[in-house]
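Novice: model the structure of this input:
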Amino acid sequence: MALQKGIVKSVLSGDTVILRGRPRNNGPPPERQLNLSYVAAPRLGSIRKDTRDEPLAFESRNFLRTLVVGKEVTFRVNHTVAASGLEFGTMYIAGQSQDVASICVREGWCRVRDEARRSDQLPDEGEELMRLEAQAQAQKKGIWSDELLHSTRATLYRPISFQGKDPQAFLDKYRGKRLDAIVEQVRDGSTLRLLVYLPDREDVEEYQAVTVFLSGIKSPIVRKGVPGLDDLVEPFGEEAKFFVESRLLQRDVKLILEGLAGTNQNFVGSVLHPAGNIAELLLASGLARSVDWSLVMVTGGPAKLQSAEQHAQKNQLRLWKGYVVQSTNHQHKTEFTGTVVRIVSADTILVRQTHTLQEHKLQLASVRQPKLKDPKEAGYQYEAKEFLRKRLIGKTVHVVLDFIRPATDEYDERHCATITVDNVPIADELVAQGLATVVRHRKDDMDRSSRYTQLLAAEAKATAEHKGMHSAKAPPTQRFTDASESQSKARRFLPFFQRGGRVVGVVEHVSNGGRLKMFIPKENAKITFVLSGIRVPRVGRHPQDPSEPYGLEAQRWTVDHCLQRDVEIEVESTDKTGAFIGTLWLDHNLNVAVKLLEEGLATLHEYSASHNPHTNQLFAAEREAKAQHKNLWKEGESDNETNHRQTPPSITEPEDHDVDILEEQALVPEYKDVVVSEIADGNHIYLQFVQDAIPGLQNLMQQFAAHHRSWVSYNGLGESSFQPKSGDICSARFTIDDQWYRARVGQVQDNLAQVYYVDYGNTEVIPITRLRPIPEEFLSLPHQAHEATLAFLTIPTRDQEYGQEAHDRLREMIENRQLVAVIEGRSRPKKSLSSTNPRGKLAMPNGRQTTMPLLHVTLYDPLVSNSLEDSINADLTREGLARVNQRDPMAKRNERQFTHLIKCQENAKKHHYGMFEYGDVNAEDHEE
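Specialist: Residues are numbered from 1 along each chain as shown. Alright, predicted model coming up:
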């Protein structure tokens, strides 16, 4: 019979091989089994029959494997067994004259079959085989070696699976080591079964069969003949399988175990051939895709695998045929340095850019904080946020903006970034501590962290080490006591805070520059804390509530220096709201109250400052701020004013020339249903007329918000080109809530603008980048904020004695409720719409911000008032928090009300209420 050609695919035993043909375009090449004629090798054990190897069976197969696997051979079939179809023949290695059976017999790894010896028709080659066998026996080679046959090495331990064993222990023992192995089976392009040599004992050759998924890749599935499952062959599956078989099947390789997968019976690892890592070749040929979950396990990192995949994608090879690179948001990618000013949540922070001072809300890219809805994770959210606070707050960081998630119905636009502090990516640390998880992106989702692979590696490490959320322990719980819940509760805690001297705390919120909320770890309590000895300008609580001059600046200073910092406090006392009063220290020796006074962002509270343990420092700090004309003191003080106030601040009343009465207005009082949109102080409030204003304003604001949502999206670092002028009506973005409102521009200077919100009455100074032109359709509705003052009364301003009490009491009576306003008259004070300080710098707007008439009103609460005399004006006067303006030219318009107010004032004087606590107070007293 003529010789045929083939390639040895694999060796089943020391006398049997699998041959294959050349590759074909339409599928894998044909295969056939060939048994070597006239010879027999020791039998290998079978897992199905539960039999063990015959002595030296493995060595016999190993000899033939190393001799012929992967080589081209010629062969002829000598005969075929009819019953089984088994073919027996003679095989030659290409280029050699001696057949393979003769070589095996000569080296002692096969013997001549007994039936061949008994045959009367044994050919000449049979005679040669018997001669070679006798020679091997004489030389004690292979199976004829007494030393091998009777040594412990003759019995090999080759378990097929890990049943009854601990794969994790096996992995822990051999992880990262280069183990000698033989590829026994290729299930598909990325799944192999290997026989691993265990180098633990010198007297026994011990092997372990393992199934390994190639780390970092996944080839198409090839599933055939699996009980209970339909056959499945994915495109390019057969080609990928043949690609690996032709290079690795029954070859000697190095195996690096890197992890566990699936049911933990299978391992993840790298298989290395002298020609390289098979995973790289599969990716470069387009016969596999990278997979994130195991890419992080790859020894030496994933860079080579990622590069190989990119090569296949670029050239559209096989799996990547027709591939188009997915669009990303990387065009927004930018880098900058900044300071972390706030930890918003366990995966979101606020960073102030170093050069522009612009604040950016940034989410850690591809990282998700512990879920509150998951009981196993919720307890770690506080720990995660606290970890970020300790590592980041106040630190300079480097920001790489990886991508921008567009706004959706549920979420605002999110800027996702990689943030590095001290050359360490903070997201990697957070994930490595088990305090965050990594987002599993879709394969085609290119919007991901620039360190996505490293994040996955950190998560795998945290999982393996059972850290944080990956621990089997019960999650931590946080239960805090609100020590400022009430005055009585605060008093119970007071001794604990006082007896220990300085107490360590963490500032969690800054209400204004001198009022903070903080957590006291030692007592596991949360408290409200007020700085002793000073008064800090108030900050508005909503867009309709204006801040006092320098209130926002004082709050900003305290936020920048105290928010989420570790601080120390000395507690002196409590107030009636349950707040604790005392001294706050930064860095052990920086008195915050002193610093605010030095910056001109607070004024002394005479009484409490004189009883403060640090009195001299407080008074000296205010004198220094006055001398340098800082902030609150920019207007300067009169030359004859002493450094220490010896008398309470005067209560001023308007001079006659400050008011023009609009006589053309009707003398008959007008009644209006109103709500108060803004309380500047006791003398200036802003009203909205319910029937006229509210429905139209609500409709306008809905359309206004929709208009600005459709505006060109913010590009990260861009600025508006709008250049406003004084008097312009425009759109302004309010600082507190970042929403857009109608506003009038006052003075513009140094890229800052004074603005007055015409529908609510509040004012502020903002960068012109927060202004936009306003379309004509939003100008038709009249301005809805009507400035008003309580008729016939003069109320102390908030920086005067009893001014704060009057302001708070007025707010309590009129805020968040519908009232009835009786318009007693109108006037137009002669005030400017903008202001600068003596040095020419733009100041917070003060005085009147509208040219509309000032309404003089008597306010009634319809739920409380029972008569015309039962007004809010009368209540304030009755409590000694307002004084009747005896020279009010409008008194003649409602003599009944005016007379009643005089009676209320006399009663307050008689009982020493409010400002009359120490006797009568009148204009003449103050003039003296």
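Novice: please parse this protein into its domains.
Specialist: Following automatic domain parsing, the chain resolves into domains at 4-154, 167-320, 330-470, 481-633, 656-711+719-924.
Novice: let's have these in CSV, adding mean neighbour count and mean pLDDT.
Specialist: The C-beta positions use only the backbone N, C-alpha and C, and glycine is treated the same way. Formatted as CSV, the domains of the chain follow (neighbours: other CB atoms under 10 Å; pLDDT from 0 to 100):
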stretch, mean neighbour count, mean pLDDT
domain 4-154, 17, 89
domain 167-320, 18, 92
domain 330-470, 18, 90
domain 481-633, 19, 91
domain 656-711+719-924, 18, 80
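Novice: where do the helices of the stretch 501-650 of the chain begin and end?
Specialist: 551-562, 592-598, 606-610, 615-627 (DSSP state H, counting those that start in this stretch).
Novice: which residue comes closest to residue 146 once chain neighbours are left out?
Specialist: residue 140 (6.5 Å; CB to CB, 6 or more residues apart in numbering).
Novice: OK, contacts around that neighbour?
Specialist: 108, 146-147 (CB atoms under 8 Å, 6 or more residues apart in numbering).
Novice: so of those, which ones are in helices?
Specialist: 146-147 (DSSP state H).
Novice: of all the contacts of residue 140, which comes closest to residue 302?
Specialist: residue 108 (47.3 Å; CB to CB).
Novice: these two touch, right, the closest one and residue 134?
Specialist: No. Using CB atoms under 8 Å, residue 108 makes no contact with residue 134, being 11.1 Å away.
Novice: for the chain, give the helix that spans the most residues.
Specialist: Max-length helix for the chain by DSSP H is helix 690-709.
Novice: what residues does that one touch?
Specialist: For helix 690-709, using CB under 8 Å, 6+ apart, the contacting residues are 672-675, 688, 731, 739-742, 759, 772, 775, 777-778, 781, 784, 818.
Novice: kindly recompute the last result at 10 Å.
Specialist: 407, 672-675, 677, 687-688, 731, 733, 739-742, 759-760, 772, 774-775, 777-778, 780-786, 818-820 (CB atoms under 10 Å, 6 or more residues apart in numbering).
Novice: out of those, which are inside strands?
Specialist: Judged by DSSP state E, those include 672-675, 677, 687-688, 731, 733, 740-742, 772, 786, 818-820 as members of strands.
Novice: please look at residue 875 and residue 858 and confirm they touch.
Specialist: No. Here residue 875 lies out of contact with residue 858, judged by CB atoms under 10 Å, at a distance of 11.2 Å.
Novice: where does the residue nearest to residue 364 when sequence neighbours are not counted sit: helix, strand or coil?
Specialist: In space, and not counting its chain neighbours, residue 364 is closest to residue 427: 4.4 Å by CB to CB, 6+ apart. Here residue 427 is recorded as helix under DSSP: H, G, I helix; E, B strand; the rest coil.
Novice: and residue 427, how far from residue 275?
Specialist: From residue 427 over to residue 275 the distance is 37 Å, taken as CB to CB, to the nearest Å.
Novice: with residue 335 instead?
Specialist: 40 Å.
Novice: one more: residue 622?
Specialist: For residue 622 relative to residue 275 (CB to CB), the value is 80 Å.
Novice: tell me, what residue is most central in this protein?
Specialist: Centroid-nearest residue in the chain, with CA atoms, centre = their mean: residue 347, separated by 2.3 Å.
Novice: residue contacts, that residue?
Specialist: With contact taken as CB under 10 Å, 6+ apart, residue 347 is in contact with 362-370, 381, 384-385, 388, 416, 427, 430, 435-437, 439.
Novice: 8 Å - rerun?
Specialist: The neighbours of residue 347, taking CB under 8 Å, 6+ apart as the test, are 363-364, 367-369, 384, 430, 436.
Novice: chain center to the longest helix of the chain: distance?
Specialist: 34 Å (CA atoms, centre = their mean, to the nearest Å).
Novice: quick thing: my sequence starts at 20, can you match it?
Specialist: All right, first residue 20 from here; so that's helix 709-728.
Novice: wait, isn't residue 131 in contact with residue 147?
Specialist: No. Using CB under 8 Å, residue 131 is not in contact with residue 147; the gap is 10.0 Å.
Novice: now the strands for the stretch 820-947 of the chain?
Specialist: If DSSP state E, counting those that start in this stretch is used as the criterion, the strands of the stretch 820-947 of the chain fall at 837-846, 873-879, 902-903.
Novice: so which of those strands is nearest residue 278?
Specialist: strand 837-846 (66.5 Å).
Novice: on contacts alone, who are the packing partners of the closest one?
Specialist: strand 689-700, strand 873-879 (3 or more CB pairs under 8 Å, 6 or more residues apart in numbering; DSSP states H and E).
Novice: just to revisit the earlier point, angle of the longest helix of the chain against strand 837-846?
Specialist: 100 degrees (axes from the mean of the first three to the mean of the last three CA atoms, to 10 degrees).
Novice: the residue nearest to residue 120 when sequence neighbours are not counted bridge partners, please.
Specialist: If the residues on either side of it in the chain are set aside, residue 120 comes closest to residue 55, at 4.2 Å by CB to CB, 6+ apart. Note on residue 55: beta-bridge partners by DSSP bridges are residue 108.
Novice: quick one: residue 55 from residue 312, how far?
Specialist: 45 Å.
Novice: residue 327 should be in a helix, yeah?
Specialist: Yes. Under three-state DSSP, residue 327 sits within a helix.
Novice: contacting residues for it?
Specialist: 299-300, 302-303.
Novice: can you give me the helices in the stretch 70-219 of the chain?
Specialist: Applying DSSP H, counting those that start in this stretch to the stretch 70-219 of the chain gives helices spanning 76-87, 119-125, 133-137, 143-158, 165-168, 186-193.
Novice: could I get these as CSV with distance to residue 496?
Specialist: CSV is the format used below for the helices of the stretch 70-219 of the chain (distance: least, CB to CB, whole Å):
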stretch, distance to residue 496
helix 76-87, 58
helix 119-125, 71
helix 133-137, 78
helix 143-158, 76
helix 165-168, 65
helix 186-193, 30
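Novice: the closest residue in space to residue 377 that isn't next to it in sequence bridge partners, please.
Specialist: Leaving aside its sequence neighbours, residue 377 sits nearest to residue 371 (CB to CB, 6+ apart; 7.2 Å). Beta-bridge pairing of residue 371 under DSSP bridges involves residue 358, residue 378.
Novice: so residue 371 touches residue 356, yeah?
Specialist: No. Assessed by CB under 8 Å, residue 371 is found out of contact with residue 356, at 10.3 Å.
Novice: want to try a markdown table for the helices of the stretch 520-669 of the chain, with distance to residue 252 as columns?
Specialist: Formatted as a markdown table, those follow (distance: least, CB to CB, whole Å):
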| stretch | distance to residue 252 |
| --- | --- |
| helix 570-581 | 63 |
| helix 611-617 | 72 |
| helix 625-629 | 84 |
| helix 634-646 | 82 |
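Novice: and residue 51, that one's in a strand?
Specialist: Yes. Residue state for residue 51 (three-state DSSP) corresponds to a strand.
Novice: how much space between it and residue 106?
Specialist: Separation of residue 51 from residue 106 (CB to CB) stands at 7 Å.
Novice: one more: residue 242?
Specialist: Distance of residue 242 to residue 106, given as CB to CB: 29 Å.
Novice: for residue 567, same thing?
Specialist: Taken as CB to CB, the span from residue 567 to residue 106 is 101 Å.
Novice: ok, residue 25 touching residue 39?
Specialist: Yes. Under the criterion of CB under 8 Å, residue 25 makes contact with residue 39 at 6.4 Å.
Novice: that concludes my questions; thank you for your assistance.
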